[in-house]
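Q: Structure for this input, please:
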Amino acid sequence: MIYIASDHAGYELKEVIKQFLKQERIAFEDIGPFIYNKEDDYPDFMIPAAQKVAQNPDEHRGIIIGGSGQGEAMMANKVQGIRATVYYGGSQDILTFSKIHNNANMLSLGARFINPEEAKRAVKLWLSTPFPGEERHVRRIEKMKKFEE
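A: Sure thing, here's the model as predicted:
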């Protein structure tokens, strides 16, 4: 399951990504917001989205969207089991590496820095990139998990 959330700065792009996920026949749940509110606060949506992913962090994924994606990822990464990565344009190699090296389970998009087409390409690449499970990467992820405990 993909859990998707935004704040006011990412609301419009979230709606685009939801339509893209529907088109691709990818199951998702919208965690909010459900209406545009320029006064909302991203922690109110990022925490519940991250908590949903954390229920099964090896299977569930999350897409969170804000102005830069930075604060959203910082908030999500406070939840045990979450490994959120940020993408706000540039080389898409960072998306691939976030999965191959870190098995990132949340993608945070910076809506003020990428257009909807870039965002869709990023989501498609990130969701389709598998974690190959190389021993060195598994070892490093296990160290992260141990620290969280």
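Q: For the strand or helix carrying residue 62, what is the distance to the chain centroid?
A: Residue 62 is part of strand 61-66, with elements assigned from DSSP states H and E. Relative to its chain's centre, strand 61-66 lies at 3 Å (CA atoms, centre = their mean, to the nearest Å).
Q: buried stuff in the next helix or strand after it?
A: With elements assigned by DSSP H and E, the helix or strand that comes after strand 61-66 is helix 70-76. The neighbour-count check on helix 70-76 (16 or more other CB atoms under 10 Å) flags 71, 72, 73, 75, 76 as buried. All C-beta spots, glycine's among them, are computed from the backbone N, C-alpha and C.
Q: Relative to residue 44, which of those is nearest.
A: Nearest to residue 44 out of those is residue 75 (CB to CB; 9.6 Å).
Q: Residue 46 is in contact with the closest one, correct?
A: Yes: at 4.1 Å, residue 75 counts as touching residue 46 under the criterion of CB atoms under 8 Å.
Q: Wasn't residue 86 part of a strand?
A: Yes: judged by DSSP: H, G, I helix; E, B strand; the rest coil, residue 86 forms part of a strand.
Q: gap between it and residue 125?
A: Look at residue 86 and residue 125: by CB to CB, to the nearest Å, they are 15 Å apart.
Q: With neighbour numbers in mind, choose between those two.
A: Just comparing residue 86 and residue 125: by other CB atoms under 10 Å the higher neighbour count belongs to residue 86, 21 against 16.
Q: how about the helices in the protein?
A: Along the chain, counting by DSSP state H, helices occupy 11-23, 43-54, 70-76, 93-100, 116-128, 135-148.
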